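Colleague: Sequence plus predicted model, see below.
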Amino acid sequence: MPLHLSADFFIKQRQLSGWFEQSLAVDGINRFTTARISPDIQITRSHCNFTDSCQCCIEHPAPTTLVLYGISGICQFSTENHQCTVRPGDLWVMQTAEEPLQRLTPANQICAMQVVKCSTQRLYDTAIPALIPPFRLCRIARQSQPPVGFQRLFNNPLSTAIDKLMAESQALELLAHSLNLMQAEAPPQPPAGASDTLHLATELLTADLCSPPSLEALAKATGMSHVRLNREFKLYFGNTVFGWLRQHRMSLARHQLRHSRREITEIALQLGYSSASHFSSSFRQHNGCTPLQYRINAA
């Protein structure tokens, strides 16, 4: 039976300054260090080691955008139609509608993560609405250290009004950077006339490039046979399902090599390649040069 956590579990609405800690009434160790830095932005650092697997149902009464970084252990999140696994080093963007977000944490492992939550409406009010992508769960990076924005936020004492103002600006900067990465990594959209099923298929394929669904699992999720699914992809994209996915990975690779300073090994792991050498071989086959040569020529 899942634990139901209301939206104000992690932070009391009336408490608008400083840090406080909260725990779940379950067996094992768990600690949630949380602060609300403005009425519509809150930050949480969790550290859990449950005796039994723990399933929580976290309510979000209004559309909410979350940026999560996994520190240790694994944790599964899901909504009615989407699911993902957050692993150490993963940076995810999650956008909920009004539906609850399910979190499943396995037993007997130290699971730690950092989270920034913001009202999606606040992002619409702050930015051009077209820049806010549609609802998705999307892993946007894999890196050995949390983004600098997280480090600054959790080192902030939040003891003065200036501390809170600084934290709010840092949280918005982190959200903006993450949404920018998410937008850059959005897959090509099916052309006009394509079915909603094809949109769903591309979303499921690209939500986690390290663990894309098999053709059989994708066919089951979309309600199509794998033969029909491949036929739909060839009709609208001119390629098979996994041919399309390889092209998408290569497009992301070229973007990262041109516009970021990430190490090539880091890019390879982010895109789901088993090693830098595997990535380099595939990249050369598709682009006629190595990733390093491409980066040098694009500079």
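Modeller: That came in fine, so what should we check first? Numbering: from 1, shown residues only.

Colleague: how about the residue nearest to the spatial centre of the chain, phi and psi?
Modeller: Computing the C-alpha centroid of the chain and ranking residues by CA atoms, centre = their mean puts Trp92 first, at 1.8 Å. Torsion angles at Trp92 (phi, psi; degrees, to the nearest 10) stand at phi -120, psi 150.

Colleague: Enumerate every residue touching it.
Modeller: Counting by CB atoms under 8 Å, 6 or more residues apart in numbering, Trp92 touches Leu66, Val67, Leu68, Tyr69, Gly70, Cys84, Val86, Leu137, Cys138, Arg139, Ile140. No exception for glycine: its C-beta is placed from N, CA and C like everyone else's.

Colleague: again, 6 Å this time
Modeller: Counting by CB atoms under 6 Å, 6 or more residues apart in numbering, Trp92 makes contact with Leu68, Val86, Arg139.

Colleague: which ones among these are found in strands?
Modeller: Taking DSSP state E as the definition of strands, the contacts of Trp92 contribute Leu68, Val86, Arg139.

Colleague: from those, which has minimum pLDDT?
Modeller: Ranked by pLDDT, the ones in strands among the contacts of Trp92 bottom out at Arg139, which scores 80.

Colleague: And it, how far from Ala25?
Modeller: From Arg139 across to Ala25, the span is 31 Å (CB to CB, to the nearest Å).

Colleague: quick one, which of those two is more surrounded?
Modeller: Legend: neighbour count by other CB atoms under 10 Å for Arg139 and Ala25, higher for Arg139 (26 against 6).

Colleague: So the more buried one is in contact with Leu209, correct?
Modeller: No - using CB atoms under 6 Å, Arg139 makes no contact with Leu209, being 7.2 Å away.

Colleague: still on that earlier bit, a markdown table for the ones in strands among the contacts of Trp92, including distance to Ala221?
Modeller: Output for these, formatted as a markdown table (distance: CB to CB, whole Å):
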| residue | distance to Ala221 |
| --- | --- |
| Leu68 | 23 |
| Val86 | 20 |
| Arg139 | 18 |
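
Colleague: Would you mind listing the buried residues in the lowest-mean-pLDDT helix or strand in the chain?
Modeller: Lowest mean confidence among the helices and strands of the chain (mean pLDDT, DSSP states H and E): strand 3-5, at a mean of 73. Residues Leu5 are the ones in strand 3-5 that count as buried (16 or more other CB atoms under 10 Å).

Colleague: That strand pairs with which strands, and in what direction?
Modeller: Using DSSP bridges, strand 3-5 pairs in its sheet with strand 54-58 (parallel).

Colleague: Name the nearest of the ones in strands among the contacts of Trp92 relative to Leu215.
Modeller: Taking CB to CB as the measure, Leu215 sits nearest to Arg139 out of these, at 20.6 Å.

Colleague: For Tyr69, see how far away that closest one is.
Modeller: 11 Å.

Colleague: Arg87 too?
Modeller: Per CB to CB, Arg87 is found 11 Å from Tyr69.

Colleague: Next: Val227.
Modeller: Val227 sits 40 Å away from Tyr69, taking CB to CB as the criterion.

Colleague: Kindly report the same for Gly28.
Modeller: Per CB to CB, Gly28 is found 22 Å from Tyr69.

Colleague: need the contact list for His226.
Modeller: Applying CB under 6 Å, 6+ apart to His226 gives the contacts Leu215, Ala219.

Colleague: could you pull out the helices for the stretch 1-150 of the chain?
Modeller: For the stretch 1-150 of the chain, applying DSSP state H, counting those that start in this stretch gives helices covering 120-126, 148-154.

Colleague: Reformat those into TSV and put mean neighbour count and distance to Leu271 next to each item.
Modeller: Shown next, in TSV, are the helices of the stretch 1-150 of the chain (neighbours: other CB atoms under 10 Å; distance: least, CB to CB, whole Å):
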stretch	mean neighbour count	distance to Leu271
helix 120-126	15	27
helix 148-154	18	22
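
Colleague: which one of those has the lowest average pLDDT?
Modeller: helix 120-126 (a mean of 78).
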